[in-house]
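Okay, predicted coordinates and the sequence, questions at the end:
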Amino acid sequence: MIEVQNVSKEFTLHNQGGAVLRVMEGASLTVAKGECVALTGASGAGKSTLMRMIWGNYRTDHGMIRVGDAQISGAEPRRIIALRRSTLGYVSQFLRVVPRVPTVRVVAEPLLALGVAEEEAEARAAALLTRLNIGENLWGLSPTTFSGGEQQRVNIARGFIHPYPALLLDEPTASLDAANRETVMRLIEEAKMRGAAILGIFHDEAARERLCDRQVDVAGFVPGRAA
Ligand SMILES: Nc1ncnc2c1ncn2[C@@H]1O[C@H](COP(=O)(O)OP(=O)(O)OP(=O)(O)O)[C@@H](O)[C@H]1O
């Protein structure tokens with residue numbers, strides 16, 4: 001479902017005399033339907049960079065990335081936007097939202113974009129927010145002033161509201177208490193059971209052990225150290 005083949009990446013720092021930083025070489029991995037794969041490796045090894053290339057935010061210099069039938073590498077932005085709407089979900093570490101949009105709407109938005117009726121989309125958002133312990137008194141407020149853990153749970157609700165066939169998760173359990181962490185792990189297990197292909201960064205070792213079928217160490221993709 002997610003396929004990365006011989007991908008390389010370098011950054012040119014235009015504001016620093018055009019210095020070129022080679023960060024990745026020969027990156028290859030696959031994630032099948034119903035599988036959860038953990039990206040591991042030391043800080044700075046390139047985990048987030050690889051996730052952002054799959055998400056289509058960072059350009060792929062060489063190699064090929066596919067999600068389902070769609071090619072990400074070299075794709076036009078409108079194709080990537082369409083793929084994100086229907087097929088590829090992403091729970092980043094930080095919530096980025098338009099100010100003043102109520103939380104229930106922030107969570108329902110991916111469904112509205114797919115044409116689900118407003119009433120149904122908001123009912124499904126409310127059910128997921130309840131499951132994630134976001135009190136009903138907060139649903140009508142913008143999440144911009146919420147606590148770190150509350151914002152993370154809103155982000156998770158938004159990422160799990162639609163049954164995306166492929167999911168990228170960046171530290172989904174990072175700032176959560178035990179009960180909410182358990183809820184999030186159950187959501188991930190349910191997504192696997194319905195056949196989602198999941199690629200995640202989990203510094204939470206116990207979560208990684210419980211959820212992931214395999215680990216891919218990005219240290220093997222650091223230039224000069226490629227296997
Ligand atoms: N936008 C960017 N411009 C320039 N260099 C970047 C950019 N994004 C990442 N890098 C560089 O790429 C390398 C890999 O960074 P990346 O954030 O992917 O590592 P990581 O494994 O996710 O680290 P961490 O676990 O600390 O989040 C680092 O040397 C970083 O400085």
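Yes, it's here.

neighbours around Ala125, how many?
Ala125 is surrounded by 27 other residues when neighbours are defined as other CB atoms under 10 Å. The way it works is simple: take the backbone N, C-alpha and C, and place the C-beta from them, glycine included.

and it, helix, strand or coil?
Here Ala125 is recorded as helix under DSSP: H, G, I helix; E, B strand; the rest coil.

Contact partners for it?
Taking CB atoms under 8 Å, 6 or more residues apart in numbering, we find Ala125 in contact with 104-105, 107-108, 111, 157, 161.

just the residues you listed that are near the ligand?
Checked against the ligand using CB under 6 Å from any ligand atom, the contacts of Ala125 give no members in range.

so which of those residues comes closest to the ligand?
Among these, Ala157 lies closest to the ligand (CB to the nearest ligand atom), at 23.4 Å.

need the next SSE after whatever helix or strand that closest one lives in, C-terminal direction.
Taking DSSP states H and E as the definition, one finds Ala157 inside helix 148-160. Scanning forward in sequence from helix 148-160 by DSSP H and E, the next helix or strand is strand 166-170.

which other residues reach that next one?
Under CB under 8 Å, 6+ apart, the answer for strand 166-170 is 1-2, 31, 48, 51, 54-55, 67-68, 87-93, 159, 188, 191, 196-202.

Just the buried residues of the helix or strand just after that strand, please?
The first helix or strand that comes after strand 166-170 along the chain, using DSSP H and E, is helix 178-193. When burial is assessed from 16 or more other CB atoms under 10 Å, helix 178-193 yields the following buried residues: 180-181, 183-185, 187-188, 191-192.

any chance of these in CSV, with distance to the ligand and pLDDT too?
Compiled in CSV, the buried residues of helix 178-193 are given as follows (distance: CB to the nearest ligand atom, whole Å; pLDDT from 0 to 100):
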residue, distance to the ligand, pLDDT
Asn180, 22, 95
Arg181, 19, 95
Thr183, 25, 96
Val184, 19, 96
Met185, 21, 96
Leu187, 23, 97
Ile188, 20, 97
Ala191, 22, 98
Lys192, 23, 97
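
can I get those in CSV with distance to Val23?
Written out in CSV, the entries for the buried residues of helix 178-193 read as follows (distance: CB to CB, whole Å):
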residue, distance to Val23
Asn180, 33
Arg181, 31
Thr183, 35
Val184, 29
Met185, 31
Leu187, 31
Ile188, 28
Ala191, 29
Lys192, 30
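
what's the closest of these to Gly26?
Proximity of those to Gly26, judged by CB to CB, is greatest for Lys192, which lies at 28.0 Å.

Is the closest one in contact with Ala32, as I believe?
No: judged on CB atoms under 8 Å, Lys192 makes no contact with Ala32 at a distance of 10.7 Å.

what ranges do the strands span in this protein?
Counting by DSSP state E, residue ranges of the strands within the chain are 2-13, 19-31, 36-40, 62-67, 70-71, 88-91, 166-170, 197-201, 214-217.

Write out the residues of the protein neighbouring the ligand.
Contacts of the chain with the ligand, taken as CB under 6 Å from any ligand atom, map to 11, 21, 23, 41, 43-49.

ok, and the most crowded of those?
Lys47 (24 neighbours).

what's near enough to touch the residue lying closest to that one once chain neighbours are set aside?
For Lys47, ignoring the flanking residues on the chain, the nearest one in space by CB to CB, 6 or more residues apart in numbering is Leu39 at 4.6 Å. With contacts defined as CB under 8 Å, 6+ apart, Leu39 is in contact with 47, 50-51, 199-201, 215-216, 218.

If anything else comes up later, I'll come back, but that's it for now.
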